[in-house]
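[1] Sequence first, then the predicted structure, then my questions.
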Amino acid sequence: PPMGLKAAVGLDIGNATIKVAEVRVSGGHPQVTALGVAPTPPESFNQSSIVDPEALATAIKELLVSSGVREKRVVSSVGGQQSLVVRIIEVPKMTEKELAETMKWEVERHVPFASSELQMDYQIIHRPDTPPEAQTMEVLLVVAQQEMINTHVETVGHSGLDPVAIDVEPLAAARALVDIHGPERQEQTVGIVNVGALFTDVSIVRHGLLLFQRGQRDAQRARL
């Protein structure tokens, strides 16, 4: 669990299924104390966007009860392409203040939705193999539509949970599949393929840091 929590619920809302996992820290180690999967209600979730918050919240609430989840604090995730952008971009080496101004223009270049209706965050990536004389640097850019975030928080709240964080699926997957294995795995270059009901995401992680991420809708499965 993040931020020093002793317990939290992990929530993953997918196009086909909803997944929950309750994790508690005991003896300094995380333990899964409840786990459950249930079908996503028809027409309530479409291409990673919540269409019917009420129906989805009811389904989440029922899944929590049937799975025996007692914790209320939840960490959920968002993904997809329509309302979320995750990019590794390269910019000239600059100060934090200069970067803050530069990112305003970078958002317009990389994001297909209005800049006045979004939540944006970025982080400089300090790679151990970058030469000191390098004239450029890499920045992780994450942008989400404000409406998508608002609806997500509303749905989670109506399900009786207390949202403490919303993660981004590629980063969450990297932490779960790479970071947890310690320094040996983190030093490797690892490819992560996440095959969902409608989307397939591919991420490359090197030295424990995201190197590349792309997602694509699977048209063949979407027609089934």
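    That came through, no problem.

[2] The residue of the chain most remote from its centre: what secondary structure?
    Most distant from the centre of the chain: Glu133, at 33.1 Å, with distances by CA atoms, centre = their mean. At Glu133, secondary structure determined by DSSP: H, G, I helix; E, B strand; the rest coil is coil.

[3] Arg127 versus that one, what's the distance?
    When distance is defined by CB to CB, to the nearest Å, Glu133 is 14 Å away from Arg127. Every residue, glycine included, has its C-beta placed from N, CA and C.

[4] With Arg70 instead?
    Noted for Arg70: a distance of 41 Å to Arg127, by CB to CB.

[5] Tell me the bridge partners for the spatially most central residue of the chain.
    The centroid of the chain falls nearest to Val168 when counting by CA atoms, centre = their mean (1.5 Å). When assigned by DSSP bridges, Val168 has beta-bridge partners Val78.

[6] That one reaches Ser77, doesn't it?
    Yes: between Val168 and Ser77 there is a contact at 6.8 Å, judged by CB atoms under 8 Å.

[7] Quick check: Gly160 is in a helix.
    No: secondary structure of Gly160 (three-state DSSP): coil, not part of a helix.

[8] State the number of residues packed around the closest residue to it other than its chain neighbours.
    Leaving aside its sequence neighbours, Gly160 sits nearest to Lys61 (CB to CB, 6 or more residues apart in numbering; 5.7 Å). Using other CB atoms under 10 Å, Lys61 is surrounded by 14 other residues.

[9] Strands along the chain, start to end?
    According to DSSP state E, the chain carries its strands in the segments 7-13, 17-26, 29-39, 45-46, 49-50, 73-78, 84-92, 118-125, 136-145, 162-168, 189-195, 199-206, 209-217.

[10] which residues sit against the longest one?
    Contacts to strand 29-39, defined as CB atoms under 8 Å, 6 or more residues apart in numbering, come from residues 1, 7, 16-25, 59, 62-64, 66-70.

[11] What subset of these is buried?
    With neighbours counted using 16 or more other CB atoms under 10 Å, these contain these buried positions: 1, 7, 18-24, 59, 63-64, 67, 69.

[12] Okay then, goodbye and thanks.
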